[in-house]
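Undergrad: show me how the following folds:
(3 chains)
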Amino acid sequence: MSQGEHRNPVESFLRMDRMPHIWCPGCGIGIVVNCFVRALLKSKIDVDSVSVVSGIGCTGRIAGYFKVDSFHTTHGRPIPFATGLKTARPDMNIVVLSGEGDLIAIGGNHFIHAARRNVDIKVICVNNFTYAMTGGQVGPTAPLHSIATTAPYGSHERPFNLPFLAESSGATYVARWTTYHVRQLTKAMVDVLNKPGFCFVEAIAPCPTIYQRRNRMGDGLEMMRFYREHSRIANGADTRSLDIEMGGEIVVGKFIDRDRPTYLEAMDEELSKRLGNRYVPYPTGVKR
Amino acid sequence: MKADPMGVLVGAHFLDGDHACCEGALAAGCRMVFGYPITPSTEVVERIARRFPMVGGVFIQMEDEIASSIAIQGAAWGGKKVMTVTSGPGMSLMQEHIGFAAMTETPCVFVNVQRGGPSTGLPTLPGQADMMQARWGSHGDYEIIALSPNSPQECFDLTIVAFNMSERYRVPVMFMMDESVGHMTERVIIPESTEIDIEPRRLTRAQPSEDYELYAPEEDLVPQMPPVGAGYRFHVTGLTHDEKGYPVMNAWVQEKLVRRLVDKIRKNASEIAINQEFELEDAEVVIVAYGITSRVVQRTMFLAREKGLKVGVFRPVVVWPFPEDRIRELAGRAKAFVVPELNYGQVYYEVERLVAGRAPCRLVDHGGGALHDPADILKVVEEVLR
Amino acid sequence: MVAGKGNMAAKKYRGEVFINRDRCKGCGFCVEFCPTHVLTLDREFNTRGYHPPVVVDADACTGCDLCGLYCPDFAIHGWRVPVQSDGAGE
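TA: Predicted coordinates:
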């Protein structure tokens, strides 16, 4: 049997004419791509109704590889771009796939406000604890004491705990998995593709070339083994307890799954009440 | 096509420039605006927030200008006519996304109600010192279109033109108002929708396929745009890209792409140009002025003519691309050029470059915060004629 | 391309795994996380200088596709081929 008779399922979702991709051996971003493709297959949604938006960085290149209408925007701004796209096309499923430096440092303000407004977008954040594409500068989630080119003697900044940040900002769905937890990560992506509102999935991923090399943490495989041995699944855990320390336990799971009206639903309700028959509703085309 | 009557507030109104700009956007078919409040532009989005729910539009007040300037582009690719509205400091924050819009050929309108700068400057007072920023504020080479209205009526009329040009050339259009025009209240006539021409989106005629080329230009160098979610599976990136839209990092693709982005405006400049000329037939001195200053110099021209001085006014309504050919023509027969503007020399240097030593050019600069005294400009006119 | 029967008594399907040798970057994830230890890293290099996986126990493959999920380079995947209950499919 040849490959032509049974293609890798990712191939029909990716721009194979752009392979090989730019990611290093042992990088976890490709695993996140695998999980997202399986999630698209499992959720049975029309692929043409899905758009992938990303920012800048290693993970930001995902948009360029996905064979859907895809947008590789500016550094830190995929969330407001996605907000505009989703508002214009409420019938579409808009997925933001980007890294933690892009989404949480330069884009942090957009992240908390989109969550607060409950814009109906799905944010999947690949967290590899560093700015990998630019050579390994310290990032907003870098654990205390980690070495980076711009923290050569170890980071002394307190990192963000992303699930806590997402929950407190208003996200309707919050999960964290590592790239070792491929089945759970896929399930989380299926969940968010079917859930209205601002949904957040943190995918912790190895970065052997940049982050791990500098911090003497071994290669990609060693990090994957570390995830296997040092992760603890705690669905429903208090997000305040999810800090990550160098070499410490990583608590993973689905933490939040709640319902709030989306931005457009809340807008529609408020304006209908206030304006009565003077109100001309924005045609969202969404039936829930 | 003609305007959607729902957005056209037909009749005679007493409006300030900010409110008239809002009505122009509505008439142009804009139903999606993302903005952030900033003096002296805030009245535009305040009126949009009031008006949009009655016409099926959505206004979102974003967390900052950076978000506003990229959210409009998401909505533009989602098929909407979009604009954002700001003033000096907000415009500075938006610069990266003006470059993104130029690079990705996203139709959108940026309204800048100019105030005195730099920095926080004079929030409630006029300036015209953002003209070069409007042209070149983002990094890299690109061309945009900039219009400069001088009355509330023009804030209505030219906002429609701005939208039409952004669709026609797939380029960010800068709508360069200033505080005086924005806060000046005058009679504004809004015509019937059947009298308002609207440029529709240049939608692609190609069918979705593996070989679909997102950026294959038409004869006028402008590519057609695909609808999102229709199976084209296109890729949009701010990286240098080939006609398929894929990133390619080399000098040849850069040359091909950026030259086209520049040429699609430069080579269509005569079609884009809108100028007004007053008494230039016999003019020995040409006053070049735009925006609010083009009204101030009407008085200067009147005073000069009363004194028997042959003075005319040339007003670029579209400031960028600059009306180079017309200035060159005028340089062949005028004795002098006088350029008053509310800055220390921006458009002036364009005039000087085009006149190229054939006649003396004089800048009448002004730091902003107020308008020129017409008599001060007249003094300079008299000096150059001496 | 190697087919395995799997260890399913009912034999409703057998697992198969496909390896695209030259797309592999040798991270070893598939070898490590294959639950039935079907794979090992080849001693030979591929054309890009990495050691791709090779099948050492085809019969053990259940076609679970964990290798496919774990492969960051889309160079391997598994699937299941239905087997007729009378064994004719073999």
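Undergrad: where does the prediction get shaky in the stretch 101-250 of chain B?
TA: Within the stretch 101-250 of chain B, no range satisfies pLDDT under 70.
Undergrad: contact residues of it facing chain A?
TA: B:228-239, B:246-247 (Cβ under 8 Å from any Cβ of the partner chain). (Glycine included, C-beta is placed from N, CA and C.)
Undergrad: let's see that with 10 Å instead.
TA: By Cβ under 10 Å from any Cβ of the partner chain, the residues of the stretch 101-250 of chain B that approach chain A are B:103-104, B:108, B:208, B:210, B:226-239, B:241, B:244-247.
Undergrad: if any of those residues are buried, put those into a PyMOL selection.
TA: To isolate in PyMOL the members of those that are buried, counting by 16 or more other Cβ atoms under 10 Å in any protein chain shown, one can use:
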select buried, chain B and resi 103+104+108+226+227+228+229+230+231+232+233+234+235+236+237+238+239+241+244+245+246+247
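Undergrad: quick one: which of the residues of the stretch 101-250 of chain B next to chain A sit in helices?
TA: Using DSSP state H, the subset of these located in helices is B:Met103, B:Thr104.
Undergrad: can you give me the helices in the stretch 51-200 of chain A?
TA: Applying DSSP state H, counting those that start in this stretch to the stretch 51-200 of chain A gives helices spanning A:62-65, A:78-88, A:100, A:108-117, A:162-169, A:182-193.
Undergrad: would you turn those helices into JSON lines with distance to A:Glu245, mean neighbour count and mean pLDDT?
TA: Output for these, formatted as JSON lines (distance: least, Cβ to Cβ, whole Å; neighbours: other Cβ atoms under 10 Å in any protein chain shown; pLDDT from 0 to 100):
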{"stretch": "helix A:62-65", "distance to A:Glu245": "28", "mean neighbour count": "26", "mean pLDDT": "95"}
{"stretch": "helix A:78-88", "distance to A:Glu245": "28", "mean neighbour count": "31", "mean pLDDT": "98"}
{"stretch": "helix A:100", "distance to A:Glu245": "16", "mean neighbour count": "29", "mean pLDDT": "98"}
{"stretch": "helix A:108-117", "distance to A:Glu245": "21", "mean neighbour count": "22", "mean pLDDT": "98"}
{"stretch": "helix A:162-169", "distance to A:Glu245": "15", "mean neighbour count": "22", "mean pLDDT": "98"}
{"stretch": "helix A:182-193", "distance to A:Glu245": "22", "mean neighbour count": "22", "mean pLDDT": "98"}
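Undergrad: so which of those is nearest chain B?
TA: Smallest distance to chain B across those (Cβ to the nearest Cβ): 2.5 Å, for helix A:78-88.
Undergrad: please save the CA atoms from that closest one in PDB.
TA: The C-alpha coordinates for helix A:78-88 follow below in PDB (Å, rounded to 0.1, in the frame of the first residue of the first chain):
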ATOM      1  CA  PRO A  78      -4.300  38.200  16.200                       C
ATOM      2  CA  ILE A  79      -7.000  38.600  18.800                       C
ATOM      3  CA  PRO A  80      -8.200  42.000  17.700                       C
ATOM      4  CA  PHE A  81      -7.900  41.000  14.000                       C
ATOM      5  CA  ALA A  82     -10.000  37.900  14.900                       C
ATOM      6  CA  THR A  83     -12.500  40.100  16.800                       C
ATOM      7  CA  GLY A  84     -13.000  42.100  13.600                       C
ATOM      8  CA  LEU A  85     -13.300  39.000  11.400                       C
ATOM      9  CA  LYS A  86     -15.700  37.300  13.800                       C
ATOM     10  CA  THR A  87     -17.800  40.400  14.100                       C
ATOM     11  CA  ALA A  88     -18.000  40.600  10.300                       C
END
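Undergrad: and that helix, does that touch chain B?
TA: Yes. Using Cβ under 10 Å from any Cβ, helix A:78-88 reaches chain B at A:Pro78, A:Ile79, A:Pro80, A:Phe81, A:Ala82, A:Thr83, A:Gly84, A:Leu85, A:Lys86, A:Thr87, A:Ala88.
Undergrad: then stretch A:253-264?
TA: Yes. Interface with chain B: stretch A:253-264 contributes A:Tyr263, A:Leu264 (Cβ under 10 Å from any Cβ).
Undergrad: distance between the ends of stretch C:23-36?
TA: Taking Cα to Cα, to the nearest Å, stretch C:23-36 runs 23 Å from one end to the other.
Undergrad: and for stretch B:8-25?
TA: Start-to-end, stretch B:8-25 (Cα to Cα) is 9 Å.
Undergrad: can you check stretch B:330-346 too?
TA: First-to-last residue span, stretch B:330-346, Cα to Cα: 19 Å.
Undergrad: mean confidence for that stretch?
TA: Taken as a whole, stretch B:330-346 has a mean pLDDT of 97.
Undergrad: now do the buried residues in it.
TA: Neighbour-count burial for stretch B:330-346 [16+ other Cβ under 10 Å]: B:Leu330, B:Ala331, B:Ala334, B:Ala336, B:Phe337, B:Val338, B:Val339, B:Pro340, B:Glu341, B:Leu342, B:Asn343, B:Gln346.
Undergrad: how far does that stretch sit from the chain's center?
TA: 21 Å (Cα atoms, centre = their mean, to the nearest Å).
Undergrad: then stretch B:351-368?
TA: 22 Å.
Undergrad: do stretch A:164-182 and chain C meet?
TA: Yes. Counting by Cβ under 10 Å from any Cβ, chain C has neighbours in stretch A:164-182: A:Thr179, A:Tyr180, A:Val182.
Undergrad: pick out the residue nearest the middle of the chain.
TA: Using chain A. A:Ile124 (1.3 Å; Cα atoms, centre = their mean).
Undergrad: actually it's chain B I care about, not the one you picked
TA: B:Ala146 (2.5 Å).
Undergrad: appreciated, that's everything.
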